[in-house]
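below are the sequence and a predicted model; questions follow.
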Amino acid sequence: MHYFANPTRFQRLMDILRPWVVGVMLAMLAYGLLAGTVFGPADRLQGESVRILYIHVPSAWMAMFIYVAIAAASFVALVWRHPLALIAARASAPIGAVFTLLALITGSLWGKPTWGTFWVWDGRLTSVLVLFFLYLGYMALWQALEDEEKAGRATSILALVGTVNIPIIKFSVDWWNTLHQPASVVRLDGPTIDPSMLWPLLAMGLAFKAYYVWVLFARMEALMDARRVQAAQLRAAQHAAGGAL
Amino acid sequence: MTAFLDSLGPHGPYILGAYGVVTAGLVGLAYDSLMRRKQWRKRRDSARGDARRDASNTGEGS
């Protein structure tokens, strides 16, 4: 893991992986959209509105996956002080926030024709809204603290504390009475969803994961360059101060 | 277009709305990320150029 602590080495790894990641994203997106959204069957009960499944469910998966990734990176940063772990966590937060917002909006647009309402304050919807606020709080904390080391520690602790919300989101449909349907893919006794919908859904899930990696690389590169610029400015200021003395 | 909307049934606007929001969100985020990378790369290269110029002016680079 420490092999990639060197930003130049990590940059090389990103350059190698990027075309593969984009390739997987485009291929999975094409298959998922064609097999699911365009040519997939309509649902016996929900009709055509089931097509929202192929974007809503992967967005919700990504919202939780990215939060767990942020918490894992924060743990690595706190324990091993890995320099790129904090950058990865910080770069992931806006992506996770966007996926959470998309899951909320698409869920709402699916809820209206299915349940007859855009929103209900039940366990699943409320816990996902809490996740969205956790992302906003995490990003706000990074902006609020000027000292990067302090900000890194504070945001890491917030990310780790916030992981308590993830099992609440996952099991909310089992613990509480809710309008939201129970899990139909990630279940101990296997998926209950028909294969004609399952495979395009899994493909869309993989496409969204590849999208996350692609955008994460771009945001990490921006943050690494920002650090280099700050370091160069600091060196120049020290140099100028030394010359003035 | 009308035939396509008709094929989606009465829930067409919700389906199109959901796909529109997701497309706008993901394309917007990717654009913001790539622009950020481009801008910081430019600033990094310019900072490196400044450092090189300063070093050569003070004779450190020679």
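Good, I have the coordinates.

for chain A, give the helix that spans the most residues.
helix A:195-244 (DSSP state H).

and that helix, what does it pack against?
In terms of contacts (3 or more C-beta pairs under 8 Å, 6 or more residues apart in numbering or on different chains; DSSP states H and E), helix A:195-244 is packed against helix A:7-32, helix A:53-80, helix A:83-115, helix B:12-57. Bear in mind the C-beta positions are built from the backbone N, C-alpha and C, glycine included.

out of these, which comes closest to A:Ser172?
Across the helices and strands packed on helix A:195-244, the minimum distance to A:Ser172, taken as C-beta to C-beta, is reached by helix A:53-80, at 11.8 Å.

show me what the closest one is packed up against.
Helix A:53-80 packs on helix A:83-115, helix A:123-144, helix A:148-162, helix A:165-175, helix A:195-244, helix B:12-57, going by 3+ C-beta pairs under 8 Å, 6+ apart.

tell me the most buried of these?
helix A:83-115 (a mean of 22; mean count of other C-beta atoms under 10 Å in any protein chain shown).

average model confidence for that one?
Across helix A:83-115, the average pLDDT comes to 95.

report the distance from stretch A:182-200 to the chain centre.
22 Å (C-alpha atoms, centre = their mean, to the nearest Å).

ok, A:Cys236 touching B:Gly49?
Actually, residue A:236 is Ala rather than Cys. No - if you go by C-beta atoms under 8 Å, A:Ala236 and B:Gly49 don't touch, sitting 11.7 Å apart.

for A:Glu149, which of the helices and strands packed on helix A:195-244 is the nearest?
Going by C-beta to C-beta, the one of those nearest A:Glu149 is helix A:83-115, 9.4 Å.

A:Ala183 in helix, strand or coil?
What DSSP: H, G, I helix; E, B strand; the rest coil gives for A:Ala183 is coil.

chain neighbours aside, what residue packs nearest to it?
In space, A:Ala183 comes closest to A:Val173 once its chain neighbours are excluded; the distance is 6.6 Å by C-beta to C-beta, 6 or more residues apart in numbering or on different chains.

still on that earlier bit, go through the helices and strands packed on helix A:53-80 and name the closest to A:Gln11.
helix A:195-244 (7.2 Å).

show me the contacts for the nearest residue to A:Ala35 once chain neighbours are set aside.
Of all residues not flanking A:Ala35 in the chain, A:Pro200 sits nearest, at 4.1 Å (C-beta to C-beta, 6+ apart). A:Pro200 makes contacts with A:31-33, A:35-37, A:40, A:54, as judged by C-beta atoms under 8 Å, 6 or more residues apart in numbering or on different chains.

rerun that using 6 Å as the cut-off
For A:Pro200, the contact set (C-beta atoms under 6 Å, 6 or more residues apart in numbering or on different chains) comprises A:32, A:35-36, A:40.

A:Ala226 too?
B:Trp40.

at 10 Å instead, please
By C-beta atoms under 10 Å, 6 or more residues apart in numbering or on different chains, the contact list for A:Ala226 reads A:87, B:36, B:39-40, B:43-44.

same question for A:Phe217.
Applying C-beta under 10 Å, 6+ apart, the residues contacting A:Phe217 are A:10-11, A:13-15, A:17-18, A:21, A:88, A:91, B:33, B:37.

A:Leu17 too?
A:213-214, A:217.

measure A:Glu221 to A:Phe208 for me?
As judged by C-beta to C-beta, to the nearest Å, A:Glu221 and A:Phe208 stand 21 Å apart.

I meant to write A:Ala42 there.
Noted for A:Ala42: a distance of 23 Å to A:Phe208, by C-beta to C-beta.

for A:Ser172, same thing?
From A:Ser172 over to A:Phe208 (counting by C-beta to C-beta), the distance is 22 Å.

just A:Ser92 next, same as before
Counting by C-beta to C-beta, the gap from A:Ser92 to A:Phe208 is 14 Å.

between those two, what contacts are shared?
With C-beta under 10 Å, 6+ apart, A:Ser92 and A:Phe208 have common neighbours A:Phe65.

touching chain A at all, stretch B:38-57?
Yes - using C-beta under 10 Å from any C-beta of the partner chain, stretch B:38-57 reaches chain A at B:38-51, B:54-55.
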